[in-house]
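Enquirer: Quick one, what's the 3D model for this:
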Amino acid sequence: MRHLLAATTAAAFLWSAAAFAADPAGNYKVEGTNPGGGSTYHGTVSVTKTGETYRVIWVVAGTRYVGTGIGDKDFLAVSYKSGNDTGLALYGADGGNWAGVWTYAGGHQVGAEIWKRE
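Expert: Predicted coordinates for the structure are as follows:
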């Protein structure tokens, strides 16, 4: 009985650690490329669970972008705004990190971005 309890506890711990690693909530270093193969950038992004959605805040070159995301452990779709700029981003889980593409509203090209968990 003691072995079963230990095995169950270990399995639950490993499952919760894997779930945490896959959940998008957390703080990240962000690296990206602007749409059309443009310039590169880096900064930070924080993702906070807010009920059934996520609040996503990027800080890149002193500019703050605020977004609302929906998703799960496998994907995250985010609409964002900063001043008059709005856009859409889509990310997929990549281990504990996230990789994706984004565009400005009305855009015809996409940029790429990777979030590396801190």
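Enquirer: which residues touch Tyr104?
Expert: Neighbouring residues of Tyr104 by C-beta atoms under 8 Å, 6 or more residues apart in numbering: 35, 85-87. Using the backbone N, CA and C atoms, a C-beta is placed for each residue, glycine as well.
Enquirer: cool, Val101 as well?
Expert: Residues near Val101 by C-beta under 8 Å, 6+ apart: 89-90, 110-113.
Enquirer: Would you mind naming the residues that bridge with Gly32?
Expert: Taking DSSP bridges, one obtains Tyr41, Glu113 as the residues bridged to Gly32.
Enquirer: and it, how far is that from Ser82?
Expert: Shown here: Gly32 relative to Ser82, a distance of 14 Å by C-beta to C-beta, to the nearest Å.
Enquirer: Neighbour count for these two, which is higher?
Expert: Gly32 (23 against 14; other C-beta atoms under 10 Å).
Enquirer: shouldn't that one be in contact with Gly111?
Expert: Yes - under the criterion of C-beta atoms under 8 Å, Gly32 makes contact with Gly111 at 5.8 Å.
Enquirer: residues bridging contact with those two, i.e. touching both?
Expert: Trp102.
Enquirer: how about the helices in the protein?
Expert: According to DSSP state H, the chain carries its helices in the segments 2-22.
Enquirer: quick one: low-confidence parts of it?
Expert: Scanning the chain for pLDDT under 70 picks out the ranges 1-22.
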